[in-house]
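J.: Okay, here's the prediction I keep looking at, along with the sequence it came from:
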Amino acid sequence: MSSDRDVVVQRASQLWSMLNGLCQWDPEAYRSFVEKQMKSGMEYYEPPRMESCICTDILEPQGPLYINICSWKRVPALQDSSKPLPVYAGSLEADTKEGGPSVVDIAFNPEVLKKCRKNKAEMTQVYMLAQSFAQQHYGIQLASWYTIVSSSPRNSPEDLHRRLGFQQQQVNPDKQSDAAGQSPDSLLQKITSLRLDKENIVGRPVVRKKGLIEVISSTTFKQPEKPEHKLEVKAGAEGFPCKLELTVELPKITSMSEWQLKMSKEDVLLEVEDIYLLLLDFPNAVNENSTVAIFNKKNRRLTVTADIL
């Protein structure tokens, strides 16, 4: 069984392979993708900021509690009004003296706070939500009232960052596209979607190098299609899931050398350049070292099996 490091290396290899393909296939889409990741990276490393503060009382043990309302781009924006509002809470910091003030930081997405600041009633709801969340999250009993205050004890940016677990990092300008804080899996999904969703492509540049001479021509390029497939969980003698079986119909290929198959514990990537592209998540984690792939030339069907962990 391969280590987690092997899985990361495999994901990174897939990512760079897809990036390289996208760069050749559509340079403009590649440039746009990298710029977007650079922007995401810069936003990811932006620190949380304190916007306002309320003060209430902890009833047992008694003492004041200051709740810092913070904005932080790492907190997701609200996508669906019918779902709970995303918040992020830092550690509860109590004063060393008995009855001294305690401080906690609760972060919201900046767009949420920007919208609520325009309406006093909505901002009041934010304060009440923060108070209720603090009470439930930390298991403390709070007074029903609160007052808006100008600041709280221990409210320096360093204190705020420490309680929220934010570490200031320097971003290398030459490597900002790597700073988005995203896994190779998520980037791979984005590149794959970009490639599948791209429309109205009339040609793909083909570059052949011989010495210092480049010969560039165009060939007709069709979007790779998602092949027909079936993913099944096979049960063992005792009725427990023991094996995953993936069957893929590949009528347009004749040889195993035409396709590339990359497996991990969580997913599989099958690619036939310019013809097929299939990326699937597994319902169960598998042992990628147990993978067996058999291609039936007569039926042009690929069968892949792997043991469930």
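T.: Cool, got the structure.
J.: Report the separation between S255 and S71.
T.: 56 Å (C-beta to C-beta, to the nearest Å). (C-beta placed from N, C-alpha, C; glycine too.)
J.: ditto for W259
T.: 48 Å.
J.: so where is the stretch 101-250 of the chain shaky, pLDDT-wise?
T.: Counting by pLDDT under 70, the low-confidence segments of the stretch 101-250 of the chain come to 168-223.
J.: Which stretches in the stretch 101-250 of the chain count as strands?
T.: In the stretch 101-250 of the chain, the strands defined using DSSP state E, counting those that start in this stretch lie at 102-108, 147-149, 204-210, 213-219, 229-235, 241-249.
J.: circling back: more neighbours, S255 and S71?
T.: S71 (19 against 8; other C-beta atoms under 10 Å).
J.: Enumerate every residue touching that one.
T.: 48-49, 51, 107-110, 113 (C-beta atoms under 8 Å, 6 or more residues apart in numbering).
J.: who does the closest residue to W259 other than its chain neighbours bridge with?
T.: Residue nearest to W259 in three dimensions, not counting chain neighbours: V272, with 4.6 Å by C-beta to C-beta, 6 or more residues apart in numbering. Using DSSP bridges, the bridge partners assigned to V272 are Y276.
J.: Let me see the domain layout of this structure.
T.: 4-43+174-219, 49-159, 229-308 (automatic domain parsing).
J.: Those into TSV, with extra columns for distance to F166?
T.: Conversion of the domains of the chain to TSV gives the following (distance: least, C-beta to C-beta, whole Å):
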stretch	distance to F166
domain 4-43+174-219	12
domain 49-159	8
domain 229-308	29
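J.: Which residues does R49 form beta bridges with?
T.: Residues in a beta bridge with R49, per DSSP bridges, are S71.
J.: quick one, what contacts it?
T.: By C-beta under 8 Å, 6+ apart, the contact set of R49 is 70-72.
J.: So D267 is in contact with N284, correct?
T.: No - contact criterion C-beta atoms under 8 Å: D267 and N284 do not qualify, at 11.5 Å.
J.: neighbour-wise, which of these two wins?
T.: Taking neighbours as other C-beta under 10 Å, D267 and N284 compare with D267 leading, 18 against 15.
J.: Skipping its backbone neighbours, what lies nearest the more buried one in space?
T.: In this structure, D267 finds its nearest non-sequential neighbour in D281, 4.9 Å apart by C-beta to C-beta, 6+ apart.
J.: pretty sure that neighbour is touching L269, no?
T.: No - under the criterion of C-beta under 8 Å, D281 is not in contact with L269, lying 10.8 Å apart.
J.: Those two: which is more packed in?
T.: Using other C-beta under 10 Å as the criterion, D281 and L269 rank with L269 on top: 20 against 10.
J.: so is that one in a helix, a strand, or just coil?
T.: Recorded secondary structure, L269: strand (DSSP: H, G, I helix; E, B strand; the rest coil).
J.: can you pull the pLDDT of it?
T.: L269 is assigned a pLDDT of 82 by the prediction.
J.: Can you tell me how far it is from L231?
T.: Noted for L269: a distance of 14 Å to L231, by C-beta to C-beta.
J.: cool, and E245?
T.: Using C-beta to C-beta, E245 is found at 7 Å from L231.
J.: same check, this time on P86
T.: With C-beta to C-beta as the criterion, P86 and L231 are 32 Å apart.
J.: With Y138 instead?
T.: Distance check for Y138 against L231: by C-beta to C-beta, it reads 43 Å.
J.: and L65, how many neighbours?
T.: Applying other C-beta under 10 Å, we find 25 residues neighbouring L65.
J.: what is the mean pLDDT for the host helix or strand of it?
T.: With elements taken from DSSP states H and E, the one containing L65 is strand 62-71. When pLDDT is averaged over strand 62-71, the result is 94.
J.: Then stretch 293-306?
T.: Rounded mean pLDDT across stretch 293-306 is 90.
J.: contacts for it?
T.: 243-256, 259, 261, 263, 268, 270, 286-288, 290-292.
J.: Kindly report the same for stretch 155-162.
T.: 47-48, 50, 53, 66, 68, 70, 90, 93, 103, 105, 166-168.
J.: and these as TSV, adding neighbour count and distance to N155?
T.: Converted to TSV, the contacts of stretch 155-162 look like this (neighbours: other C-beta atoms under 10 Å; distance: C-beta to C-beta, whole Å):
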residue	neighbour count	distance to N155
P47	15	14
P48	25	12
M50	18	6
C53	20	7
Y66	20	8
N68	26	7
C70	27	10
G90	21	12
E93	16	11
V103	24	7
D105	29	9
F166	19	15
Q167	8	19
Q168	9	17
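J.: coming back round to it: now which of the contacts of S71 would you call buried?
T.: Neighbour-count burial within the contacts of S71 applies to 48, 51, 107-110, 113; the criterion is 16 or more other C-beta atoms under 10 Å.
J.: Just give the nearest non-adjacent residue to E46, would you?
T.: That would be K73: by C-beta to C-beta, 6+ apart, it lies 5.5 Å from E46.
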